[in-house]
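[1] Mind looking at a prediction? Sequence and model below.
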Amino acid sequence: MSMTKHVLKVEHAYFSYEEGRYALHDINVSINKGEKIAVIGSNGAGKSTFFLTLNGVVKLLEGELYFHGEKLDYSRNHLVKLRKSVGMVFQNPDDQIIASTVEGEISFGLFNIGMKTKEVRTKVNGVMQEMNLTEYAKRPPHFLSGGEKKRVTIADVVVMEPEIILFDEPMASLDCKNTALFREQIDKLHKRGVTLLISTHDMNFVWEWAERVIVFADGEIVADDIPTVIFENDEIISRASLQKPLLFESEKYRNKV
Amino acid sequence: MHHYHNKKHHNHRTLAFYHYAMKSGLAYVNPDLKLWVGIISLVLCLLSCGFTSIVIAVIMIGVILFFGKVNVKEYWHLLRIPFTFILLSGIVLLVDISRIEEGIVFISILHRYLIITRESLFTASKISVKAMCSVTCLYMISLSTPMHEIIKVLRKWKLPEIMIELMFLIYRFIFVLLEVYYNMKTAAKTRLGYVNLRRSYQSFFGICTNLFVIAFQKASKNFDAMEARGYDGNLRFLESEKPATKKQLGLCGGYFLVIIILLGVERILI
């Protein structure tokens, strides 16, 4: 892999919220264009912090973050550039939604990167149409249903046309219908060439969807490989307290018989 | 948070205002116009010393009930609290203490008299009526214009950006805190936390303590999410333009003309 293919690269990254306990411990990872990456690990393993790091919200204590080969110096200019290209969809929509109308909410990021109202209007209308949100445009997002809120928060990020989107446990509170909708949505984004990182506890989803799996345990990356390799390694599975996907097990069982 | 939307919680005043303002029949009207009409009406109300303020109040109530489609009963519920306060302060103005028996009513207490004179009756009723009428003007604004639109207008009026930001974030956090509070209260109820008065007090104070912790965590999460989308201390959102129509402007012009004439008449009569 050549250097230019890396969209994001983290080297020897450390971060801690409290003294004496690392939330991220010596993280080394590079993310390439168009990858479908699942980030797994138990609660508090460092997945969310890792995502916040990639977006520049959490400033690394030690280590470097490279964006297209350029080292992030946490200056205003660099951060704007990074945050425009690396979008993050938070786990709980209520933590993310800030505006009083759906269209206002979707426009927030665009105004922050200094876009003019006319252009913002065009982009927001386009995304609302694409994500079936047009009828809610003037409604307060806080009174929408869980699935609709999730759609709004995804639209928030998609509208900025990022290269990478980080989804923090996106399916944790979705029903079957909305989960299916979400799957369609991410397939569309993947086809467009967007790099996707999804943190999840749903091993069946990981098995079906991901091309690469990053496993976190106690703030460290304990494995980073294709799904088959990860799920065949019992040591990793037990260290990160994971379970094997049902489909993986049944395939293995069939092969044996 | 959609479940606070329903009837069950209509007594939560902030949410009631929010709810009405979003669904108001006047939501399509230009917010600048609504704010100007409300504020000028308020000033005229205060300038009046007689029936004009009542005329203004009747018009404001009419507008909000008829065009704003606010339910009469709910409107009365919302008015009750400010009216109670106004009546209480009216009583203070009304009653005086005197050494001698005078005025139209007097009650002897501890060698003194609590008295009501013709003048105090007049002042108390005049001021109370004026205050109540002013409240209806402000209610016209709050029940027809969502907070974010009011803030937008204030920004246009060149209020400092820091105040605009604070207003918006505080307003947003009222909702966050209320949500957390109701969730915790429901959880406490399911464990019989409100079984009697004593337990209710304990549960209430327990919730309040936790509320601060949770509010802080929520605020910091919220801020992370804002930063992730490039927030730099300048809140801007896409808003639909609602231009004022000639008909609306004409109606408002006519209304102010009538009120000013009435004010003039009032001055001549009194």
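    It's in.
[2] Can you give me the neighbour number for A:K36?
    18 (other Cβ atoms under 10 Å in any protein chain shown). (C-beta placed from N, C-alpha, C; glycine too.)
[3] distance of A:F67 from A:G56?
    According to Cβ to Cβ, to the nearest Å, A:F67 and A:G56 sit 9 Å apart.
[4] shared neighbours, the two?
    A:78, A:82, A:86 (Cβ atoms under 8 Å, 6 or more residues apart in numbering or on different chains).
[5] who touches residue 55 in this structure?
    I'll assume chain A. Here A:N55 is in contact with A:82-83, A:86-88, A:166, B:228 (criterion: Cβ under 8 Å, 6+ apart).
[6] actually chain B
    B:259, B:262.
[7] 10 Å instead?
    B:44-45, B:48, B:133, B:258-259, B:262-263, B:266 (Cβ atoms under 10 Å, 6 or more residues apart in numbering or on different chains).
[8] Out of those residues, give me the two with the largest separation.
    Within the contacts of B:V55, two members stand farthest from each other by Cβ to Cβ: B:C133 and B:V258, at 15.6 Å.
[9] Of the two, which one has the most company?
    Taking other Cβ under 10 Å, B:C133 and B:V258 do not tie; B:C133 has more neighbours (24 against 14).
[10] doesn't B:S53 make contact with the more buried one?
    Yes. Using Cβ atoms under 10 Å, B:C133 makes contact with B:S53 at a distance of 4.0 Å.
[11] Identify the contacts common to these two.
    Joint contacts of B:C133 and B:S53 (Cβ under 10 Å, 6+ apart) are B:41-42, B:44-46.
[12] Just to be sure, which of the residues you listed are found in helices?
    B:41-42, B:44-46 (DSSP state H).
[13] Type out the ChimeraX command that picks the buried ones from those residues.
    Entered in ChimeraX, the line below selects the buried ones among these, by 16 or more other Cβ atoms under 10 Å in any protein chain shown:
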select /B:41,42,44,45
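[14] Same list (the ones in helices among the shared contacts of B:C133 and B:S53) but as JSON lines, adding pLDDT and distance to chain A.
    Listed next are those as JSON lines, based on pLDDT from 0 to 100; distance: Cβ to the nearest Cβ, whole Å:
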{"residue": "B:S41", "pLDDT": "93", "distance to chain A": "25"}
{"residue": "B:L42", "pLDDT": "93", "distance to chain A": "24"}
{"residue": "B:L44", "pLDDT": "91", "distance to chain A": "30"}
{"residue": "B:C45", "pLDDT": "90", "distance to chain A": "29"}
{"residue": "B:L46", "pLDDT": "89", "distance to chain A": "31"}
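[15] how about the ones in helices among the shared contacts of B:C133 and B:S53, which pair is most distant?
    Farthest-apart pair in these is B:S41 and B:L46; separation 9.9 Å (Cβ to Cβ).
[16] who touches both of these two?
    With Cβ under 10 Å, 6+ apart, B:S41 and B:L46 have common neighbours B:53, B:133-134, B:137.
[17] Buried ones among those residues?
    B:53, B:133-134, B:137.
[18] between the residues you listed, which is nearest chain A?
    B:C137 (23.2 Å; Cβ to the nearest Cβ).
[19] So is the helix or strand where that closest one lies next to chain A?
    Here B:C137, judged by DSSP states H and E, is contained in helix B:118-144. No. Using Cβ under 10 Å from any Cβ of the partner chain, helix B:118-144 stays clear of chain A, with a minimum separation of 14.2 Å.
[20] Check which helices and strands that helix sits against.
    The contact analysis (3 or more Cβ pairs under 10 Å, 6 or more residues apart in numbering or on different chains; DSSP states H and E) places helix B:118-144 against helix B:13-23, helix B:31-47, helix B:51-62, helix B:72-94, helix B:147-156.
[21] Please tabulate those in a markdown table and include distance to B:V105 as additional columns.
    Formatted as a markdown table, those follow (distance: least, Cβ to Cβ, whole Å):
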| stretch | distance to B:V105 |
| --- | --- |
| helix B:13-23 | 35 |
| helix B:31-47 | 29 |
| helix B:51-62 | 25 |
| helix B:72-94 | 10 |
| helix B:147-156 | 44 |
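[22] mind checking which of these is nearest B:A215?
    Of the helices and strands packed on helix B:118-144, nearest to B:A215 by Cβ to Cβ is helix B:13-23, at 15.5 Å.
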